[in-house]
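[1] Just need the structure, nothing else, for what follows:
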Amino acid sequence: MKYCEKCKVYVPSGRERCPLCQRFLVEGEHQGYNDEIFPYIPTMYHQHNLLIRILLFLSVVFCVVCFALNLLIWNHSWWSLFVLLGVAAAWLTVAQAIRKRTTFCKHVLYQMVTIALVAVIFDLLTGFYRWSFNYVIPALCAFSMVVVATIAVMGHRLIQNYIIYMVVSAIFGIVPLLFLIPDWTTVLWPTVLTASAGVIYLAALVLFIGQDTWVELKKRLHM
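    Okay, here's the model as predicted:
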């Protein structure tokens, strides 16, 4: 019988991933009923399989056409590589949206990290003028804090369900301060404003829902 090392449960089914945490299952020693007991729920990929395949095909065609035009007509620079990276980043975003479809706040944080990495790569490829560290990353951090806080306040569930995402988004807001050490950030005000908002964000969590915050962190981090 399959076993989930994170959830500490046996999973009587033939699936490869845990239905609770989506981690890969391992073979356990427990013997018993081993047939599938969980209902099959089609994912977004299975529901829109044909549409996704068509969009993938169009993306390949678009990239090939741009690369061919780059070689035949506008060959003074490799601008087609930026098109390829942009398309790849878009599909990475779609893949994350499909895989992380259960929690919108988690999806927001994943998208923030993805877009930040893509921005840094583009910045490096275009001469590293540091616009990604000066403006894009602080803006993404501030946006994630606002979105997560808005969802937590307006959500239909208890705010305790959103605490971990609020803490993570606040920490992300403070992280840009680290980019000042290697001089990756040359414009101070976006980073300072975002970091200040992150500190205020954490202070509000500690002062107003501090006990719930600590309980949720201990539960999530298995402390």
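
[2] Give me the most central residue, the chain.
    Y110 (0.8 Å; Cα atoms, centre = their mean).

[3] Check the offset of the strand or helix carrying I163 from the chain's centre.
    Under the criterion of DSSP states H and E, I163 resides in helix 163-174. Its chain's average C-alpha position is 13 Å from that of helix 163-174, according to Cα atoms, centre = their mean, to the nearest Å.

[4] Kindly report the same for stretch 194-212.
    22 Å.

[5] May I see the buried residues of it?
    194-195, 197-198, 201-202, 205, 209 (16 or more other Cβ atoms under 10 Å). No exception for glycine: its C-beta is placed from N, CA and C like everyone else's.

[6] State the mean pLDDT of that stretch.
    In this model, stretch 194-212 carries a mean pLDDT of 86.

[7] For the remainder of this discussion, apply numbering that starts at 18.
    With 18 as the first residue, the last one maps to stretch 211-229.

[8] Return that stretch as PDB; C-alpha atoms alone will do.
    Extracted C-alpha coordinates of stretch 211-229, given in PDB (Å, rounded to 0.1, in the frame of the first residue of the first chain):
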ATOM      1  CA  THR A 211       8.000  48.100   0.100                       C
ATOM      2  CA  ALA A 212      10.200  46.900   3.000                       C
ATOM      3  CA  SER A 213       8.500  49.400   5.300                       C
ATOM      4  CA  ALA A 214       5.100  48.100   4.200                       C
ATOM      5  CA  GLY A 215       6.300  44.500   4.900                       C
ATOM      6  CA  VAL A 216       7.400  45.400   8.400                       C
ATOM      7  CA  ILE A 217       4.100  47.200   9.100                       C
ATOM      8  CA  TYR A 218       2.300  44.200   7.700                       C
ATOM      9  CA  LEU A 219       4.100  41.800  10.100                       C
ATOM     10  CA  ALA A 220       3.500  44.200  13.000                       C
ATOM     11  CA  ALA A 221      -0.200  44.200  12.300                       C
ATOM     12  CA  LEU A 222      -0.300  40.400  12.200                       C
ATOM     13  CA  VAL A 223       1.600  40.100  15.500                       C
ATOM     14  CA  LEU A 224      -0.300  42.800  17.400                       C
ATOM     15  CA  PHE A 225      -3.900  42.100  16.200                       C
ATOM     16  CA  ILE A 226      -3.900  38.300  15.500                       C
ATOM     17  CA  GLY A 227      -0.600  37.300  17.100                       C
ATOM     18  CA  GLN A 228      -1.900  34.200  18.900                       C
ATOM     19  CA  ASP A 229      -3.600  32.900  15.700                       C
END
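
[9] returning to what we had before: the helix holding I180 packs against which elements?
    helix 121-142, helix 154-171, helix 205-238 (3 or more Cβ pairs under 8 Å, 6 or more residues apart in numbering; DSSP states H and E).

[10] Next secondary structure element downstream of the lowest-mean-pLDDT helix or strand in the chain?
    The helix or strand of the chain with the poorest confidence is helix 61-64; it has a mean of 52 (mean pLDDT, DSSP states H and E). Sequence order places helix 66-89 as the next helix or strand after helix 61-64, per DSSP H and E.
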